[in-house]
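[1] Just a sequence and a predicted model for now, questions to come.
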Amino acid sequence: MAGSQIERALSLLESLTGHPAGLPMQTLADQLEIPKSATHRMLAELIRLGYVRQNPENSRYQLSTKLVAMGFRHLASSGADIVQPILDRLAQDTGELVRLGVIDGERQTWIAKAQGARSGLRYDPDMGRDAPLFYTASGHAWLASLSDAEALALVERQGIADPAQFGPNAPRSNAELLERLRLAREHGYAWVVESSAVGTSALAAVVRHPLDGRTIGVLSVAGPSARLPEARMHELAPLLLSATAELSAASQASELFV
């Protein structure tokens, strides 16, 4: 890959983020499309700075906890303490996983969560990922806040994963997606049942800037379909919408929303 040294270093860190067990140097060199010698120098510098460590048992390279600690410090100083109680209360009231995604350009990234399920099945995916737009409730909620043309263009730019990875009720065409968005606009929130994965359901609504009304985030409630059939999601919708209104009011005091 082309790019500056700092771009390569950040790409290397991003690659390691998705592999907690670490990666061999050759794999990282192949992903960065640079010589193994250059990859070795970059890893050595990141180890010196404390961002990467090498596992002595298998020689794989792993992220240290330094980046995690930096992330927590950032969240603690950027308004997460204002946002988190709202997420915690919604999780407690619904008994399911609550996630907040923030809008940054053409990306919606999950950055905060609260788990309300105390027993039985728990839906608890990784954070820090971009929400897929085509088949998730969070994606549909954001897309529904746009025009149909804007929504389809955004989906095309993000790309659509292999349909085999979707749930059985995912949209199978742009026309089906637009119908989901129409319903979301009518209700003020989006919902999916076994769309992103078999056995999971979710509902989501956007968080808007209190002054200009633009979409700055998406709040979702997700869990096993056995506990979240469609009727149950509609019952929980007022709780979700109340929480998004709270987040909207709190957003100006939080740097999580930019």
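    It's in. Numbering: from 1, shown residues only.

[2] By residue count, which helix of the protein is the longest?
    Across the chain, the longest stretch assigned as helix under DSSP state H is helix 230-250.

[3] by contact count, what packs against that one?
    helix 80-94, strand 190-193, strand 200-208, strand 215-224 (3 or more CB pairs under 8 Å, 6 or more residues apart in numbering; DSSP states H and E). For every residue, glycine as well, the C-beta is placed using N, CA and C.

[4] Which positions in it come out as buried?
    232-233, 236-237, 239-241, 243-244, 246-248, 250 (16 or more other CB atoms under 10 Å).

[5] likewise stretch 6-13?
    Arg8, Ala9, Ser11, Leu12.

[6] In CSV: the buried residues of helix 230-250, plus distance to Leu23 and pLDDT.
    Converted to CSV, these look like this (distance: CB to CB, whole Å; pLDDT from 0 to 100):
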residue, distance to Leu23, pLDDT
Arg232, 41, 97
Met233, 39, 97
Leu236, 40, 97
Ala237, 42, 98
Leu239, 42, 97
Leu240, 39, 98
Leu241, 43, 97
Ala243, 39, 96
Thr244, 39, 96
Glu246, 41, 92
Leu247, 37, 91
Ser248, 41, 90
Ala250, 39, 82
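
[7] surely Leu16 meets Val52?
    Yes. In this structure Leu16 lies within contact range of Val52 using CB atoms under 8 Å: 6.9 Å.

[8] Need the overlap of contacts for those two.
    Tyr61, Gln62, Leu63 (CB atoms under 8 Å, 6 or more residues apart in numbering).

[9] now the second one: how far from His40?
    Separation of Gln62 from His40 (CB to CB, to the nearest Å): 16 Å.

[10] what's stretch 4-14 in contact with?
    1, 3, 28, 31-32, 34, 38-39, 42-43, 45-46, 51-52, 63, 67.

[11] can we see that at 6 Å?
    Contact with stretch 4-14 is made by Leu28, Leu32, Met42, as judged by CB atoms under 6 Å, 6 or more residues apart in numbering.

[12] And these, which is the shakiest by pLDDT?
    Least confident entry in the contacts of stretch 4-14, by pLDDT: Leu32, with 86.

[13] okay, now that one: neighbour count?
    By other CB atoms under 10 Å, the residues close to Leu32 number 19.

[14] From Leu63, how far off is it?
    For Leu32, the distance to Leu63 - CB to CB - is 16 Å.

[15] Could you find the closest non-adjacent residue to Ala222?
    Ala202 (3.7 Å; CB to CB, 6 or more residues apart in numbering).

[16] you'd agree the one you found is up against Tyr135?
    No. Ala202 is beyond contact range of Tyr135, at 10.5 Å (criterion: CB atoms under 6 Å).
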